[in-house]
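J.: Give me a model of this one.
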Amino acid sequence: MSLVDLANTKVRVLGWSAVMGVAPMIASAIANPAVTAALGVMANPAVGGISILATIAGGIAGNMAANDLGNLIAEKLGKNPNILDNRDLIEAAGEAIAYILKDVASSDELIAIALSKNSSARDLDRLAEKTPEYWLNINTEGVDLSRGLNISEDQLTLIFSADAAEFDRVTGLTPEDWARFIGEFAASEGKSFDAEIVEFVAQRLYETFPKAYREVLKQDAAKGGEKFAAMLLNLHQIALADLKDLKLQNREIIDKLEAVATKQQICQVMAKLGAIEIGIRSDLAQIRALLQRYIDPAAPSLPISLKSETIIQDRIKDFTGRKFVFEAINEFLNKNRKGYFVLQAEPGVGKSAIMAACVVLLKRRCVTHFNSQPDGIVSAKTFLENACIQLIEGFNLKEKYPRLPENALENGNFLGRLLGEVSAKVGGKKLIFVVDALDEVDLKEQSSGSNVLYLPNDLPDNVYFIVSKRPEFLPMPAANRTVFDLMKYDGKSLEDVEAYLRKRTERSELIQDWIKGRNLQREEFVTAVAQKSEKKFIYLRHVLDEIEGGTYNDVNLNDLPAGLEEYYQKHWVQMIGHEDDPLLELKVNIIYVLSKAHEPVARRWIAKSVRETDFKVQQVLKKWDSFLRQEQVNGEIRYNIYHNTFREFLEKDETVQSAGVNVEELNRQGINNRLEGAPI
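T.: I've put the predicted structure just below:
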């Protein structure tokens, strides 16, 4: 490897590091509820990278495409001389590389390879100790900056995300780039490694450099940011200047990006990265260790769809307890050669949260699919495509299957073939599927008599499905099936509900103030609200959010709704308002359309559906943030009902059903989904 190539590698690593350092700052600012409310986008800490880039792009003259903007920001940062001369950035990247090399040197896999090659892993460990100094001394003067970073679209989406779990899926340079670096570095120290060792080390650098780099920054932030906070602040200011150069016109975004401008705020952002999942890791550490015995810890995470990842991050927020469920899953995996574990429970008690936590505990090394009627994820074809792509990409079958066979989505035959091939690859480990909400699947799209989602009747050994559904009949494989009825565990569920309430009250000053303002003790509040919830976590989440938001400032403990049905009824009354409201009929018509929609719908499509102006529809939608999800699709905001239980409540309400909207006529008009904003 020539010195020029080595310098190019260093420049590209620094460019990547700069983008990965500043992106959480930008994402955190854009995901701030005050910003998202002002911009009309979803106020959610798990806002995806595409949404963030699209939000910024929408404020730039010429309406640049989101990923074009992301690549332009990356290119500008990667070529900025202030970044190439930033010693703190260079040291952070060098420390991350050294951390990985030391970790790999002590791994059982590397030691086994070294022994087979009559080599020593200690040579790599010694190399790791010298990495920071060697990295600093690579001369980048005169390097060719025209090469660019070549960050792919999917990587940009993950990097520019307010969701730490998505960032964990970022990879760095190619394995070939890292292999050349290792070879040159070793040669400079008079060492030479076997090609298999170099390949193994390079693969680890490729997979884990972004995580290691972020860990260096997080550890520094936890100590007060003495070392790298100034570097991150510098990166942030450079990025802000670049955005201004690109004519970013939205003052709200500019203000919030400029607000992230102190060492303390930088440290706060870095310290929060990954915080959502820390609770799960600590509360269920023993369970996590048990479950991770069944998977290959060195294998890469499988490529979970953005929709599923968004659902996971939403459901695991404040996740608490459920240890007894995971103990049952562990027992099932331990005692069966293959099969189906069916988590069965009524709506609202937290099935999806358990499934999301299961994915996290398995380190995303499972095939993951979340059915969701509000998101329009209800078909067997979507599941088959999702599952097959995860298997092909996750288990290196792309050369054999560069594209899905023509009939792969018509039935479960191709999935069955993949299961056979992949089960042979996993060796003594297990191939685990996590599939949520089978009851939300539209069976009308499947052939008569088939299993839901075409789930295979016969599974190869070491293949397991963990699925969830309501306690209603669904056509499912009968063999090798274990049903876990969550409704039989009232006592344990009540304990988890009370633990959830304690966790929320302990970390929320607003809830604590509400309790104190009514002369209550915290345990008194916990006991009473737990009883009112009927052990439904969806109730707890809504009510506690609304206490924090001030909805219940004028009511006492006894006045809080009793149960989910009463909560929805009171919320519905608030949404509709007074009988003399001039917008009453329009509100009913809009909520009827939303309750019938099988996927997110655009405001302009709603306006067309109810034959009203876009402005009047927006007046109504702005008042309904609590139960409307918002997401950006092709540059426009689309809306849907937040949770399926509320949709079902609305579908049963006589007032809603009295709306004079002819849904069948709308469908006959054949409005195109992509052009017109998601028809019903």
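J.: In contact with the residue lying closest to residue 191 once chain neighbours are set aside, which residues are there?
T.: Leaving aside its sequence neighbours, residue 191 sits nearest to residue 123 (CB to CB, 6 or more residues apart in numbering; 5.5 Å). Where you see a C-beta, it was placed from the backbone N, CA and C, and this is true even at glycine. Applying CB atoms under 8 Å, 6 or more residues apart in numbering, we find residue 123 in contact with 186, 191, 193.
J.: Would you agree the first one falls within a strand?
T.: No. Assigned with DSSP: H, G, I helix; E, B strand; the rest coil, residue 186 falls outside any strand and is helix.
J.: can you give me the strands in the stretch 251-400 of the chain?
T.: Secondary structure of the stretch 251-400 of the chain (DSSP state E, counting those that start in this stretch): strands at 339-344, 367-370.
J.: Just the CA trace of the helix or strand containing the residue nearest to residue 191, in PDB.
T.: Under the criterion of DSSP states H and E, residue 123 resides in helix 122-137. These are the backbone C-alpha positions of helix 122-137, laid out as PDB (Å, rounded to 0.1, in the frame of the first residue of the first chain):
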ATOM      1  CA  ARG A 122       0.000 -11.200  20.800                       C
ATOM      2  CA  ASP A 123       1.500  -9.600  17.700                       C
ATOM      3  CA  LEU A 124      -1.900  -8.000  17.000                       C
ATOM      4  CA  ASP A 125      -2.200  -6.900  20.600                       C
ATOM      5  CA  ARG A 126       1.200  -5.200  20.400                       C
ATOM      6  CA  LEU A 127       0.100  -3.600  17.200                       C
ATOM      7  CA  ALA A 128      -3.000  -2.200  18.900                       C
ATOM      8  CA  GLU A 129      -0.900  -0.500  21.600                       C
ATOM      9  CA  LYS A 130       1.000   1.400  18.900                       C
ATOM     10  CA  THR A 131      -2.100   2.300  16.800                       C
ATOM     11  CA  PRO A 132      -2.900   5.800  18.200                       C
ATOM     12  CA  GLU A 133       0.700   7.000  17.600                       C
ATOM     13  CA  TYR A 134       1.000   5.400  14.200                       C
ATOM     14  CA  TRP A 135      -2.400   6.800  13.100                       C
ATOM     15  CA  LEU A 136      -1.400  10.300  14.200                       C
ATOM     16  CA  ASN A 137       1.800  10.200  12.200                       C
END
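J.: how far does the helix or strand that comes right after that helix sit from the chain's center?
T.: Once helix 122-137 ends, the next helix or strand along the chain (criterion: DSSP H and E) is helix 153-159. On the basis of CA atoms, centre = their mean, to the nearest Å, helix 153-159 is displaced by 13 Å from the centre of the chain it belongs to.
J.: again, but for stretch 606-623
T.: Here stretch 606-623 is found 31 Å from its chain centre; the criterion is CA atoms, centre = their mean.
J.: tell me which residues of it are tucked away?
T.: For stretch 606-623, the buried set under the neighbour-count rule, 16 or more other CB atoms under 10 Å, comprises 606-610, 612, 617, 620-621.
J.: same check, this time on stretch 322-333
T.: In stretch 322-333, counting by 16+ other CB under 10 Å, buried: 322, 324-326, 328-330, 332-333.
J.: Reduced to three states, what does residue 465 come out as?
T.: Applying three-state DSSP to residue 465 yields a three-state assignment of strand.
J.: Verify the stated contact: it with residue 436.
T.: No. The pair residue 465 / residue 436 is not scored as a contact, 11.4 Å apart, by CB atoms under 8 Å.
J.: What ranges does the stretch 51-200 of the chain have for its helices?
T.: For the stretch 51-200 of the chain, the helices defined by DSSP state H, counting those that start in this stretch occupy 66-79, 81-84, 87-105, 108-116, 122-137, 153-159, 164-167, 175-188, 195-222.
J.: now the residue in the chain sticking out farthest from the centre: how far from residue 10?
T.: Most distant from the centre of the chain: residue 190, at 44.4 Å, with distances by CA atoms, centre = their mean. Distance of residue 190 to residue 10, given as CB to CB, to the nearest Å: 21 Å.
J.: Looking at the backbone only, give me phi and psi for residue 401.
T.: Phi and psi for residue 401, reported as degrees, to the nearest 10, are phi -130, psi 70.
J.: could you list every residue that touches the closest residue in space to residue 124 that isn't next to it in sequence?
T.: Of all residues not flanking residue 124 in the chain, residue 105 sits nearest, at 4.1 Å (CB to CB, 6+ apart). Residue 105 makes contacts with 121-122, 124-125, 128, as judged by CB under 8 Å, 6+ apart.
J.: List buried members of these by neighbour count.
T.: Judged by 16+ other CB under 10 Å, buried ones among those: 121, 124, 128.
J.: nearest to residue 201, of those?
T.: residue 124 (6.8 Å; CB to CB).
J.: just for the stretch 51-200 of the chain, where's the confidence low?
T.: 51-71, 74-75, 77-84, 142-149, 153, 162-168 (pLDDT under 70).
J.: With the stretch 401-550 of the chain instead?
T.: For the stretch 401-550 of the chain (pLDDT under 70), the answer is none.
J.: how close does the residue farthest from the centre of the chain sit to residue 138?
T.: Residue 190 is 18 Å from residue 138, by CB to CB.
J.: what's around residue 492, how many residues?
T.: Other residues within reach of residue 492, judged by other CB atoms under 10 Å, total 16.
J.: if I read this right, it contacts residue 327, doesn't it?
T.: No. Counting by CB under 8 Å, residue 327 is not a contact partner of residue 492; they are 10.5 Å apart.
J.: can you pull out the helices in the stretch 451-600 of the chain?
T.: Using DSSP H, counting those that start in this stretch, the helices of the stretch 451-600 of the chain run over residues 490-507, 509-516, 522-533, 537-549, 563-576, 584-596.
J.: Any idea which of these gets closest to residue 450?
T.: That would be helix 584-596 among the helices of the stretch 451-600 of the chain, by CB to CB, at 26.1 Å.
J.: can you put the buried ones among the contacts of residue 105 in a markdown table and add distance to residue 15?
T.: Below are the buried ones among the contacts of residue 105 laid out as a markdown table (distance: CB to CB, whole Å):
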| residue | distance to residue 15 |
| --- | --- |
| 121 | 31 |
| 124 | 26 |
| 128 | 23 |
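J.: which one among these gets closest to residue 478?
T.: Distance to residue 478 across the buried ones among the contacts of residue 105 (CB to CB) is lowest for residue 121, with 50.1 Å.
J.: Pop out the phi and psi values for that closest one.
T.: phi -70, psi -20.
J.: Now do the contacts for it.
T.: 105-106, 110-111, 114.
J.: what do you get for residue 433?
T.: Contact analysis of residue 433 by CB under 8 Å, 6+ apart lists 366-369, 387, 463-467.
J.: So which of the residues you listed is the closest to residue 170?
T.: Residue 170 lies nearest to residue 368 out of these, by CB to CB, at 18.1 Å.
J.: my read: that closest one touches residue 302, true?
T.: Yes. Counting by CB under 8 Å, residue 302 is a contact partner of residue 368 at 6.8 Å.
J.: Compare neighbour counts for these two and give me the winner.
T.: residue 368 (28 against 21).
J.: Tell me what that one is bridged to.
T.: For residue 368, the beta-bridge partners are residue 434 (DSSP bridges).
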